[in-house]
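Asker: quick one: sequence plus predicted model below, questions after.
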Amino acid sequence: IHTNFDLLLRYDLNIIGEHEFKVEHKLLALPGTNLKDIKRVLSHPQALAQCDNYLRLKGLEKEPTYDTAGSAKMIKDKNLTDCAAIASDLAAITYGLDILDNNIEDDDNNFTRFLLLSRASVSGLIPPNMPAKTSIVFVLPNNPGALYKALACFSLRDLDCCKIESRPTSVQILQYLQL
């Protein structure tokens with residue numbers, strides 16, 4: 001996720017739309033497989049993290065892979081009888097797998113936000129009375145009060161911030177670690 005913010009800065013991209021998608025993970029396995037026969041669960045690291053409590057309670061070993069649907073495909077292609085994948089119901093249909101368990105995510109109020117990006121801004125096309133969301137990514141010097149000073153302009157103009165995320169850049173991390 002942080003990589004996406006870095007790419008917005010690097011390539012001067014604009015967010016022109018978004019879609020929120022409810023995260024609903026399923027546990028998929030080869031047809032006829034029982035949950036008690038599963039030893040390992042394959043999926044994208046984010047999906048594994050989102051289902052961590054479920055996996056630990058079942059005593060299942062986590063194995064990170066490149067993506068969720070790819071994990072389902074791997075189970076099908078390699079005929080992995082002791083493995084399951086965390087993926088969508090569409091992946092189950094696509095690869096002919098059984099759904100062993102539904103909604104195994106730890107947080108039932110988890111949403112993923114997908115952004116529509118463009119090099120051109122659409123800010124001039126939005127009517128003044130249309131509600132809009134603004135996302136800002138910026139880099140600050142690493143000195144006392146820098147973040148406070150940057151955010152003060154929002155408060156002075158009675159602007160509400162619904163989410164703020166602060167993290168060091170890779171250069172700042174290296175500077176910090178050398179201290």
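Answerer: Cool, got the structure. Not measured: the values here are computed from a predicted model.

Asker: quick one: low-confidence ranges for this protein?
Answerer: 1-2, 168-179 (pLDDT under 70).

Asker: all strands of it, in order?
Answerer: 14-22, 26-29, 40-43, 61-64, 83-87, 98-101, 111-118 (DSSP state E).

Asker: tell me the strands beside the fourth one, with direction?
Answerer: Read it as strand 61-64. strand 40-43 (parallel) (DSSP bridges).

Asker: repeat for the second one
Answerer: For strand 26-29, the paired strands and their directions (DSSP bridges) read strand 83-87 (antiparallel), strand 98-101 (antiparallel).

Asker: next one: the first one
Answerer: Strand 14-22 sits in its sheet next to strand 111-118 (antiparallel), going by DSSP bridges.

Asker: ok, and what's touching the strand it pairs with?
Answerer: 4, 8, 13-23 (Cβ atoms under 8 Å, 6 or more residues apart in numbering). To be clear about C-beta, it is placed using only N, CA and C from the backbone, and glycine gets the same treatment.

Asker: hmm, what's the outermost residue in this structure?
Answerer: Largest separation from the mean C-alpha position in the chain: Leu156, at 32.5 Å (Cα atoms, centre = their mean).

Asker: mind listing what that residue touches?
Answerer: Contacts of Leu156 (Cβ under 8 Å, 6+ apart): none.

Asker: tell me how far the closest residue to Asp12 other than its chain neighbours lies from Asp52.
Answerer: Leaving aside its chain neighbours, Asp12 sits nearest to Arg119 (7.0 Å; criterion: Cβ to Cβ, 6 or more residues apart in numbering). With distances taken as Cβ to Cβ, to the nearest Å, Arg119 is found 38 Å from Asp52.

Asker: also Glu165?
Answerer: 22 Å.

Asker: likewise for Val137?
Answerer: Taken as Cβ to Cβ, the span from Val137 to Asp52 is 29 Å.
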